[in-house]
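Asks: Based on what follows, work out the 3D shape:
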Amino acid sequence: LISLKHQPKLQKAEELKQYIANCDYNYIVLHTNPNEVIPVLALSDENIKTPVLVLKHADHTFWLGTTITDILIQIRESNISLDKQRRNISDQSVLPIPLKSTDFIRNYQKDGHNDQINIISTGSLYKYTPNENYNFYEEIVTIAKKHSNVKINIVGVDKTSAFAKQYQHPNINYLGVLNPEELNQIENQMDIFLEGFPLPSF
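Replies: Below is the predicted model:
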């Protein structure tokens with residue numbers, strides 16, 4: 001864990017560059033805010049040969065990092081052709097995309113028994129807003145109706161929100177925004193994490 005000193009951005013970038021230059025890394029993976037300029041400045045040095053992988057987790061906003069990217073890690077397959085064309089990044093890879101099937105429930109067994117399965121999904125409210133192709137709320141209602149032993153907990157969506165009221169089921173709990181301690185307590189009781197969509201939330 002490296003904590004940069006409290007200095008102007010250019011000095012921080014220089015400090016980070018010197019640190020990286022003295023280390024023998026196989027890869028550098030950036031999981032940063034989309035407007036984070038310090039690693040972009042530090043890794044722009046042509047003497048740094050270590051491949052840079054950028055996780056594009058904020059593809060719905062403007063982001064920095066194209067100039068230093070060797071491999072772009074996408075969260076949506078549909079972005080690959082766009083980024084080849086608009087950002088001239090040919091080397092790209094995709095993280096697993098959200099499931100739209102409930103078949104995985106059938107293949108899951110908890111401790112070898114068919115007892116209750118607890119699912120959690122975590123994300124900001126707007127990330128669950130349905131689009132023309134994906135409706136997370138319809139999918140979880142389908143899962144709840146199909147599997148009576150499944151309890152689905154949605155963190156980040158309040159039970160008073162419009163979509164929560166529209167997509168009701170006794171086995172679906174809309175828990176709203178939780179503090180880290182509350183979230184940690186609930187996560188420890190869960191069996192499966194279900195990625196939200198259409199906008200995933202790491």
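Asks: Quick one: neighbours of Tyr174, just the number.
Replies: When counting by other Cβ atoms under 10 Å, one arrives at 21 neighbours for Tyr174. Any C-beta I mention is one placed from the backbone N, CA and C, and that applies to glycine too.
Asks: Report the beta-bridge partner residues of it.
Replies: Taking DSSP bridges as the rule, Tyr174 bridges to Ile154.
Asks: Quick one: residues contacting the nearest residue in space to Phe136 that is not next to it in sequence.
Replies: Nearest non-adjacent residue to Phe136, counting by Cβ to Cβ, 6 or more residues apart in numbering: Tyr128, 4.9 Å away. Tyr128 is in contact with Phe136, Tyr137, Ile154, Gly156, Val157, Phe163, Gly196, Phe197, Leu199, counting by Cβ atoms under 8 Å, 6 or more residues apart in numbering.
Asks: and the residues you listed as CSV, adding secondary structure, pLDDT and distance to Leu82?
Replies: Below are the contacts of Tyr128 laid out as CSV (DSSP: H, G, I helix; E, B strand; the rest coil; pLDDT from 0 to 100; distance: Cβ to Cβ, whole Å):
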residue, secondary structure, pLDDT, distance to Leu82
Phe136, helix, 96, 23
Tyr137, helix, 96, 27
Ile154, strand, 95, 30
Gly156, coil, 91, 27
Val157, coil, 93, 29
Phe163, helix, 94, 28
Gly196, coil, 92, 22
Phe197, coil, 91, 18
Leu199, coil, 85, 16
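Asks: Setting the sequence-adjacent residues aside, check what's closest to the residue located most distally from the centre of the chain.
Replies: Most distant residue from the mean C-alpha position of the chain: Asn47, 31.5 Å away (Cα atoms, centre = their mean). Leaving out its chain neighbours, the residue that sits closest to Asn47 by Cβ to Cβ, 6+ apart is Ala21, at 6.8 Å.
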